[in-house]
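Trainee: My questions concern the predicted model and sequence given below.
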Amino acid sequence: MAWMALAGFPPVLAVQQRRLGASPAAQQPQPFVQHAARLQPRPAQRRAGPVLASAEAAAAPQQSAQPPAATAQQQQEQQQAAAAGQPSIVVHGAQVAVQDMVKHFQTRRGMFKAVNGVDVTMEPGTITALLGPSGSGKTTLLRLIAGLEEPTAGRVLFDGEDVTEYGVQDRDLGFVFQGYALFKHMTVADNITFGPRMRKMDIDCEKRVEELLELTGLQGLGGRFPPQLSGGQRQRVAMARALACNPRLMLLDEPFGALDPIVRKSLRNGLRDIVKRIGVTTVIVTHDQEEAWDIADQVVIFNKGLIEQQGTPEEVGRAPASPFVMNFVGDVNHLPASSQLVRKMSFHTDKPFVMCRPSDITVHTNYESPEAAASAAASVHDKQNMGKVVRYYLRFDDGVDIDFTVPRRQDEEQFDLDVGQRVYVSVPPERMMGFDYSEVDGSAVTA
Ligand SMILES: Nc1ncnc2c1ncn2[C@@H]1O[C@H](COP(=O)(O)OP(=O)(O)OP(=O)(O)O)[C@@H](O)[C@H]1O
C-alpha cells in the first residue's frame, strides 16, 4: 500500500546539546514550540484579492468570490488521463525561486526585519524543509511564498514566472497545517472535493476522492465526518484536500506537530511517498529535525531572518557551514579552546570555545597503545543506557566534561566501560570548530 511504502533515509541527528560543564541532569531539551494554524492570514497584511477570514479559508484559498477555473492545460490533461483510465491527479510541481526576499513588519517599537534578504530555490517535485529557532522567519517566508504576506522587497517566481503580485488564490497552492482546518459538517469526501467544486474543475469527483483516499491510506473513510476520525486520519484528509486541485506547490506549516511520535513518523513517511508519486513541489516548516532529515531533499537553516545554510540533509549534517548550524543541527560538545582535549589535538582557533560532535569522538582503553599516547586522558563520570545507544559522560583531568555516544551493540562488543574507568580520548581536529557564544545564539530579536 502506498501509505506504508517507507523510503530509506540517512540516520537522524538527534537534537540535543551538552552545555559546557553541565551535568547530565542539567541538560535542557530544545524548546519545542507549536503554533496552531499559523498560515491564517494575519489581519491587515493582505494586499490583493479577497481577504481570507479563517483557517479554513486559508486552507481552501479557492473560496474567492470568483474562483479561478482550472487552467486549460490542466483540464486537457485530466480529460486525457480520464479517457486513458489513468489516475486523474496530474500535478506539475513548480520550480519555486525566492529572490532577495525581505519582509519588514511595522511594530510599536519600529520596523522589525523578519526576513532579511533570502534567496532559495525549490526544484520541482522536491521537499524543502525550513528549519530554525523560534522567530527566525520560517513561517513568514512560507507566507510570502503563498502570497499571504506582501514582501518589502524581493520576488517569488514559479517556473520563472514572477508571481509576486499574484494573490494567494492565483498561485495553485495546497495548504496543510497543524490545526487540520477541515470543515466539520462535511464528510471526508466533501472536504476533499470542496476545492475542485469551487473551482468548477472538470473532473470526476468520485474518482478523485477514491484516488486521494487510496493515496493517503484512507480507503473506506470517505463517508465519515472529521470528528469521527483520529488526529492522524484528519491530517491525511488535510493532505488529500490540499492535493485535490492539482497544486503546483504544497505548503505545510508544522503539519504533524500535534500528533504522537508514532503517528508523526507514519504521516511523514506517507507525505514523502505521496510527493514522490505525484511530483508536487513541497515546502514544510518544522521544528522537528528528525522529521526534516527523514523527508527532505533540501533543508534550509534559518537564523534571525537569514539563511545560514541550505543543502541536502547529508551536506548540512556532514559539513555545517557555520558554528550556528553545527550547534543547531545534531549533538555537540562545547569545550573551552584552552582545554586539555583541544590542546592535545593541536586544534588552533582564535575563538574562546570549540565544538565537536559526540559521534566524532574516539575512545581508547589501552593506555599503552600509541593511540592513547596521542589522546587526552579522562575518566568515565557517568553512563546512560539510552536504548539503541549508550551515552558516556567523560571528565578530563582539567574538569571539562564531554559526551561520547556509542551504539549499544558496539558498546557491548568493544567498550562496556565502568564509571571511574580511565579512557583516552581523541577527536580529528578537522571535525572541531571554534566558536563564540554570540555566534550560536539563535534567540529571536524582538521587535
Ligand atoms: N504580523 C507581524 N507583525 C510583527 N511581527 C511579526 C509579524 N509576523 C511575524 N512577526 C515576527 O517576525 C519574526 C519571525 O516570525 P515567524 O513566525 O516567521 O518565525 P518562525 O521562525 O516561524 O517562528 P516559530 O518557529 O516560533 O513559528 C518573529 O519575531 C515574529 O514575532
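Mentor: Done, it's in.
Trainee: Enumerate the residues of the stretch 151-300 of the chain near the ligand.
Mentor: Not one residue of the stretch 151-300 of the chain sits near the ligand, judged by C-beta under 6 Å from any ligand atom. Where you see a C-beta, it was placed from the backbone N, CA and C, and this is true even at glycine.
Trainee: Just the strands from the stretch 151-300 of the chain, written as ranges.
Mentor: Remark: strands assigned in the stretch 151-300 of the chain by DSSP state E, counting those that start in this stretch are 153-158, 161-162, 173-177, 249-253, 281-285, 298-303.
Trainee: Mind putting the ones you listed into a markdown table with mean pLDDT?
Mentor: As requested, the strands of the stretch 151-300 of the chain are exported to a markdown table (pLDDT from 0 to 100):
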| stretch | mean pLDDT |
| --- | --- |
| strand 153-158 | 97 |
| strand 161-162 | 96 |
| strand 173-177 | 87 |
| strand 249-253 | 94 |
| strand 281-285 | 96 |
| strand 298-303 | 96 |
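Trainee: Nearest to residue 134, out of those strands?
Mentor: In terms of C-beta to C-beta, the element of these nearest to residue 134 is strand 298-303, at 10.4 Å.
Trainee: immediately after that closest one, which helix or strand?
Mentor: Using DSSP states H and E, the helix or strand that follows strand 298-303 in sequence is strand 306-311.
Trainee: who does that following strand pair up with?
Mentor: Within its sheet, strand 306-311 is paired with strand 298-303 (antiparallel), according to DSSP bridges.
Trainee: coming back round to it: let's have the strands of the stretch 151-300 of the chain in a markdown table, adding mean neighbour count.
Mentor: Shown next, in a markdown table, are these (neighbours: other C-beta atoms under 10 Å):
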| stretch | mean neighbour count |
| --- | --- |
| strand 153-158 | 16 |
| strand 161-162 | 10 |
| strand 173-177 | 26 |
| strand 249-253 | 26 |
| strand 281-285 | 27 |
| strand 298-303 | 25 |
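Trainee: Could you dump those strands into JSON lines and include distance to residue 407?
Mentor: Listed next are the strands of the stretch 151-300 of the chain as JSON lines, based on distance: least, C-beta to C-beta, whole Å:
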{"stretch": "strand 153-158", "distance to residue 407": "44"}
{"stretch": "strand 161-162", "distance to residue 407": "49"}
{"stretch": "strand 173-177", "distance to residue 407": "35"}
{"stretch": "strand 249-253", "distance to residue 407": "32"}
{"stretch": "strand 281-285", "distance to residue 407": "29"}
{"stretch": "strand 298-303", "distance to residue 407": "24"}
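Trainee: ok, residue 226 - contacts?
Mentor: With contact set as C-beta atoms under 8 Å, 6 or more residues apart in numbering, residue 226 has these partners: 180, 182, 183, 184, 186, 188, 191, 234, 237.
Trainee: if I look at the closest residue to the second one other than its chain neighbours, how far off is residue 166?
Mentor: So the one you mean is residue 182. Nearest in space to residue 182, with sequence neighbours left out and distances taken as C-beta to C-beta, 6 or more residues apart in numbering, is residue 226 at 4.3 Å. Here the criterion is C-beta to C-beta, to the nearest Å. By it, residue 226 lies 30 Å from residue 166.
Trainee: How about the contacts made by the residue lying closest to residue 387 once chain neighbours are set aside?
Mentor: Nearest-residue entry for residue 387: residue 408, 7.3 Å, with adjacent residues in sequence omitted and distances by C-beta to C-beta, 6+ apart. Shown in contact with residue 408 (C-beta under 8 Å, 6+ apart): 385, 387, 388, 389, 390.
Trainee: So residue 379 sits against residue 392, correct?
Mentor: No. Counting by C-beta atoms under 8 Å, residue 379 stays clear of residue 392, with 10.3 Å between them.
Trainee: Please identify which of these two sits among more neighbours.
Mentor: Neighbour tally, residue 379 and residue 392, criterion other C-beta atoms under 10 Å: the higher count belongs to residue 392, 24 against 15.
Trainee: How confident was the prediction at the more buried one?
Mentor: With respect to pLDDT, residue 392 scores 94.
Trainee: What of residue 235?
Mentor: Note on residue 235: pLDDT of 88.
Trainee: one step back: going by neighbour count, which of the contacts of residue 408 comes out on top?
Mentor: The contacts of residue 408, ranked by neighbours (other C-beta under 10 Å): first place residue 390, 21 neighbours.
Trainee: wait, that residue sits on residue 411?
Mentor: Yes. Counting by C-beta under 8 Å, residue 390 does reach residue 411; the two are 4.3 Å apart.
Trainee: Give me the residues contacting the helix or strand containing residue 424.
Mentor: For residue 424, the element it lies in under DSSP H and E is strand 422-426. The list of residues contacting strand 422-426 from outside it, by C-beta under 8 Å, 6+ apart, reads 341, 344-345, 361-365, 367, 369, 371-372, 374-380, 394, 396, 402, 404, 417.
Trainee: and if you look at stretch 342-361?
Mentor: Where contact means C-beta under 8 Å, 6+ apart, the residues beyond stretch 342-361 that reach it are 18, 20, 323, 326-327, 330-337, 339, 374-376, 391, 402-405, 425-429, 431-437.
Trainee: Give me the neighbour count for residue 353.
Mentor: Residues within reach of residue 353, counting by other C-beta under 10 Å, total 21.
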